[in-house]
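Student: Test case, fold it:
(3 chains)
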Amino acid sequence: MNELVKFENYSLTFKTLYGDVRALRNLSFTINSGEIVALVGETGCGKTVTALSIIGLLPENASQTGKIFFKGVEVNHENVKRIRGKEVAIVFQDPTSSLNPLYSIEQQLVDVFVSRWDIPKSEAKEKIDGLLRQVQLFDVDRIRRAYPHELSGGMRQRVMIAMALACEPSLLIADEPTTALDVTVQRQILYLIWELQRARKFSVLFITHDLGIVAQLADRVVVMYAGNIVEMAPKKELFSNPLHPYTSGLLNCALDPRKKKLPEPIPGSLPSLTGLLDGCIFRERCGRVQNDCGILTPELAEVRPSHFVACHLWREQRG
Amino acid sequence: MKLVRLALKNRLAKFSLTIVSIFALLALIAPWIVPYKEQALGEPNMAERLLSPSLRHPFGTDHMGRDILSRMIYGARTSLFTAVSVVFLSALIGVPIGIAAGYFGGLVDNVLMRFTDVFLSFPPLLLALLIASTLGKGLFNAILALVITWWPWYARLVRSQALSTKSLAYVEAARAAGVSNFMIMFRHILPSCIAPLAVQCTMDMGSAILEAAALSFLGLGVQPPMPDWGLMISEGKAYFLNYWWVPTFPGLFMLVLVMSFNLLGDVFRELVDPRLRRRMLI
Amino acid sequence: MNFLRYTVSRLFWSIFVVLGVVFVVFLVSNVVPSDPAALWVGPKATHSAIQAAREKLKLDRPILLRFGYFLKDLLRFDLGTSIRTHNPVIEDIRKALTATFELLLLAEFLAVGLGIPLGVLAAVKRNKWFDNLSRVFAVAGVSLPSFWYGMILQLLFFKWLGILPLSDRIDTFVSLIHPFEEKTGFYLIDTLLARNYVAFFDVVKHLILPAITLAAYPIGLIMRQVRSMMVEVLQENYIRTAFAYAIPERKIYFGYALKNAIAPAMVTVALSFAYTLVGAFLVELIFNWPGLGRYAANAILSMDYPAIVGVTIVASVCYVLINFVVDLIQAKIDPRIRF
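Tutor: Purely as a prediction, here's the structure:
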């Protein structure tokens, strides 16, 4: 397996009226070719920003340190344009607001084709039928002419996926693609992504806060908390053997119909990202705080094969 | 007040506010600082007709030999008085009607909205021109004409604000607690209208000055020999090709003052409009 | 189907508004003044003329009946006789209207052509120096007293630089030596139709200053409105999508975003038409332009009341029509509006 995307000590800060917001801190992880990586965490923990930084779509007030590699080449201001919308395609959370309301589906897909492959419009138009069928939209003639408001939420998300497929990407970023949809439609969309991935072998960075989805889809899981990676492991290993207190908390929170008890919430809420904190970012909500937690920032370390965690509890097991 | 504090962080707003204050001060102390008070109020001085700018008359003299600077400073009085009256009176009529319409809804509201729709269907200033010519010449009639055509705009603005406020939880709670309608309108709905109203009033000060000047220019507003910028430009029209300073300086004053009000309003608007402020982060 | 239904409903609405507008004008002209007849015949009228006007205006009848007569006259395009020119007001207005529209359309063309791209650029460069500069320019545009600004331009380009004519629609000598037939009333078109290029260039030269003067306000208005609409639209998710799919930037700004911003901005364009129409009252007076504005301004200056009422009605109806057209264009741009 070769590395497709690699984050190396990547940090991101937003300068705002209220001071500097440290959105991402020292991110290091990889996405290999052909694997599905799930990025898990609460809302506002930096998942979306992580995704957007791969394709260089950050607001102007962002400043970054560290490196991102794509296919072994460091991503910079110049070459990101060869990646964005070409090697990397993204499906956003809310298909309603992510499609342009004043352009027909055909126009929007044609524009993507044209800018990706540099082909004339007529040629792009011919490709749309096949594309829509691939995302299981069979009423092709109607959908081509339709405007986004004339389609259902699930259909819009299929159109978004079609847009991504048009790029034939080597990495598909799916940013909570099912959150805004009905439960029944969610399953269909997930299955579609899974199926397409099996057929085309692209990598997927799947961003979600839903552990149920992770359990079904992912090969590997990265758990984020307040801009930090706290744990990272293959799916089975993580579910059977969660090491970080935050991960266990998340797992406890998931509704399990077999249990009679209501899930236990994690006490407290996300810390402010403006201040500079020494020590563990999770310590204020952690049930197993030690002396060190307030002083030393725990580093991500491999404590079991392919299982990384950033927590002082597991320090002695390090190699 | 929070609005003003925020706006003052903006250099442009600070600059504009300074200029508006200077004009207001000039208008207030005009009688004590103008070099030729009698001429400013209209006394002709035929011996010194149409003199070009000099130390004695920094902006020259007009066709009656009057010192243009003195008349300009007095003109600030006329302009600011007109603008404040128009905006204040329009708001005074429009705000209660708008609040009532938004709060009670129903027939009152329907009638009011159809009524304002018709008013908004006139090109601006046109109806005021008609009314002013009906009422006859004079500053007071010009102000009246502008107020008659302006208040529906305020009613409309306040109505939409009242509509959105009246369904808020704390207003509903007050109503459930048996607070009288009048108290709710006065205590809860009126304060929520203050910010957008302040923006509107600031922006309208500039338009009021311009429209009143246009009326004066057409001979409907301020009558000679009163000092007024619109009138001075109008009188200068016959002489300006050979005596450029006669209309130029009064117009410049008007431009600077109107621009300051508009810049201030522009900054305010951006601060008040939440749609322009949202989304600091993705 | 839907579009047709929308059109019909807007049409009915416009008719209602026109009726409302006419009613307000009627009220102001026939009910508010203490002696409408005296106003109607002008300041220098004889006693018998006032009596005659009283008969004509049927001042002894009930108000609603009088409004009926007023409407009836309107439907027959009878706006009374001008006191100043002694012509039927409707005739005077008809002659003046083309001159005004030639000027108005050119000014509006300038305003839309400059205001929209500059507004888009200001939004794209939000808070950069270009944005700040364009803000000052736009605000200056809406703050300029047009009647003063026109004079300043005349001083500059006629008196000092000597490259443009002072006033009028065409040079008297040019029109004498190179006459052309007035087919449309639009001199630009008429001279071109007659292949009379000398006259054409003279007409162009005469148009420049008044058009620039008149365009200042709508340029500023449109620039600011397009900017704030664009700023809002550029924060939308679908713009992020377009960027994520590497759609060319120019296409994003002037296509994907502008199309969304332009629908609400159309209202401003319509409003700017109205401002320009009334702005022409003052500008035409300065440039001695034989249009509706100069006619109205002269009517006001000589208290020619029937003419003032006539102009008010015609201009307001024009404005309602413009709004009607804008509503339809908006519905065409935005498919969501019809539902």
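Student: contacting residues around A:Gly85?
Tutor: A:Ile55, A:Val112, A:Ser115, A:Arg116, A:Cys167, C:Ala244, C:Tyr245, C:Ala246, C:Ile247 (CB atoms under 8 Å, 6 or more residues apart in numbering or on different chains). C-beta coordinates here come from the backbone N, C-alpha and C atoms, glycine included.
Student: Now tabulate these in JSON lines and tack on secondary structure and distance to A:Glu195.
Tutor: Compiled in JSON lines, these are given as follows (DSSP: H, G, I helix; E, B strand; the rest coil; distance: CB to CB, whole Å):
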{"residue": "A:Ile55", "secondary structure": "coil", "distance to A:Glu195": "24"}
{"residue": "A:Val112", "secondary structure": "helix", "distance to A:Glu195": "21"}
{"residue": "A:Ser115", "secondary structure": "helix", "distance to A:Glu195": "26"}
{"residue": "A:Arg116", "secondary structure": "helix", "distance to A:Glu195": "22"}
{"residue": "A:Cys167", "secondary structure": "coil", "distance to A:Glu195": "18"}
{"residue": "C:Ala244", "secondary structure": "helix", "distance to A:Glu195": "23"}
{"residue": "C:Tyr245", "secondary structure": "coil", "distance to A:Glu195": "22"}
{"residue": "C:Ala246", "secondary structure": "coil", "distance to A:Glu195": "26"}
{"residue": "C:Ile247", "secondary structure": "coil", "distance to A:Glu195": "28"}
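Student: hang on, isn't C:Ala331 packed against C:Leu4?
Tutor: No: counting by CB atoms under 8 Å, C:Ala331 sits too far from C:Leu4 to count as a contact (10.8 Å).
Student: When those two are compared, which one has more neighbours?
Tutor: More crowded of C:Ala331 and C:Leu4, by other CB atoms under 10 Å in any protein chain shown: C:Ala331, with 18 against 9.
Student: What is the three-state secondary structure of the more buried one?
Tutor: When classified by DSSP: H, G, I helix; E, B strand; the rest coil, C:Ala331 comes out as helix.
Student: I'd like to know how far it sits from C:Gly255.
Tutor: Distance, C:Ala331 to C:Gly255, by CB to CB, to the nearest Å: 20 Å.
Student: re earlier: from the contacts of A:Gly85, keep the buried residues only.
Tutor: A:Ile55, A:Val112, A:Ser115, A:Arg116, A:Cys167, C:Ala244, C:Tyr245, C:Ala246, C:Ile247 (16 or more other CB atoms under 10 Å in any protein chain shown).
Student: ok, so of those residues, who is nearest B:Leu130?
Tutor: Nearest to B:Leu130 among the buried ones among the contacts of A:Gly85, counting by CB to CB, is C:Ile247 at 50.9 Å.
Student: For the closest one, give me its contacts.
Tutor: Counting by CB under 8 Å, 6+ apart, C:Ile247 makes contact with A:Gly85, A:Asp111, A:Val112, A:Ser115, C:Tyr256.
Student: and if you look at B:Arg49?
Tutor: Residues in contact with B:Arg49 (CB under 8 Å, 6+ apart) are B:Thr61, B:Asp62, B:His63, B:Met64, B:Gly65.
Student: how close does it sit to chain C?
Tutor: According to CB to the nearest CB, to the nearest Å, B:Arg49 and chain C sit 20 Å apart.
Student: What pLDDT does the model give that residue?
Tutor: We have a pLDDT of 80 for B:Arg49.
Student: Not counting its neighbours along the chain, what's nearest A:Cys45?
Tutor: Nearest residue to A:Cys45 in three dimensions, chain neighbours excluded: A:Met224, at 4.8 Å (CB to CB, 6 or more residues apart in numbering or on different chains).
Student: just C:Leu214 next, same as before
Tutor: Counting by CB to CB, 6+ apart, C:Leu214 lies nearest to C:Ala107, which is 3.9 Å off, once chain neighbours are set aside.
Student: Could you check how many residues crowd around the closest residue to chain C within the stretch 201-319 of chain A?
Tutor: Going by CB to the nearest CB, chain C is nearest to A:Leu205 of the stretch 201-319 of chain A, at 13.4 Å. Neighbour count of A:Leu205, defined by other CB under 10 Å: 24.
Student: Enumerate every residue touching B:Pro250.
Tutor: By CB under 8 Å, 6+ apart, the contact list for B:Pro250 reads B:Ile68, B:Arg71, B:Met72, B:Gly75, B:Trp229, B:Met232, B:Ile233, B:Gly236, C:Trp148.
Student: Return the subset of the residues you listed lying in strands.
Tutor: Using DSSP state E, no member of these falls within strands.
Student: Identify, from the residues you listed, the entry nearest to C:Arg195.
Tutor: Of all the contacts of B:Pro250, C:Arg195 sits closest to C:Trp148, with 38.9 Å by CB to CB.
Student: Once you drop chain neighbours, what's closest to that closest one?
Tutor: With sequence-adjacent residues excluded and distances taken as CB to CB, 6+ apart, C:Trp148 is closest to B:Gly251, at 3.3 Å.
Student: Can you tell me which residue of chain A sits closest to chain B?
Tutor: A:Thr16 (5.3 Å).
Student: Would you tell me which residues of the stretch 51-200 of chain B are close to chain C?
Tutor: B:114, B:117-119, B:121-127, B:129-131, B:133-135 (CB under 8 Å from any CB of the partner chain).
Student: Show me the residues you listed that map onto strands.
Tutor: Using DSSP E, the subset of these located in strands is empty.
Student: Narrow those to just the buried residues.
Tutor: Among these, those classed as buried by 16+ other CB under 10 Å are B:118-119, B:121-127, B:129-131, B:133-135.
Student: least confident pick among those?
Tutor: Out of these, that is B:Pro124, at 76.
Student: what about that one, distance to C:Lys205?
Tutor: As judged by CB to CB, B:Pro124 and C:Lys205 stand 31 Å apart.
Student: before we move on, what about A:Thr208?
Tutor: From A:Thr208 to C:Lys205 the distance is 68 Å (CB to CB).
Student: same thing with C:Ala194?
Tutor: C:Ala194 sits 17 Å away from C:Lys205, taking CB to CB as the criterion.
Student: tell me what the helix or strand bottoming out on mean pLDDT in chain C is packed against?
Tutor: Within chain C, confidence by mean pLDDT, DSSP states H and E is lowest for helix C:36-41 among all helices and strands, at a mean of 74. Contacts defined by 3 or more CB pairs under 8 Å, 6 or more residues apart in numbering or on different chains; DSSP states H and E place helix C:36-41 against helix C:47-57, helix C:305-333.
Student: Please save the CA atoms from it in PDB.
Tutor: The C-alpha coordinates for helix C:36-41 follow below in PDB (Å, rounded to 0.1, in the frame of the first residue of the first chain):
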ATOM      1  CA  PRO C  36     -57.600  74.000  -7.400                       C
ATOM      2  CA  ALA C  37     -59.100  76.000 -10.200                       C
ATOM      3  CA  ALA C  38     -56.700  78.900  -9.600                       C
ATOM      4  CA  LEU C  39     -53.800  76.500  -9.600                       C
ATOM      5  CA  TRP C  40     -55.000  74.900 -12.800                       C
ATOM      6  CA  VAL C  41     -55.100  78.100 -14.800                       C
END
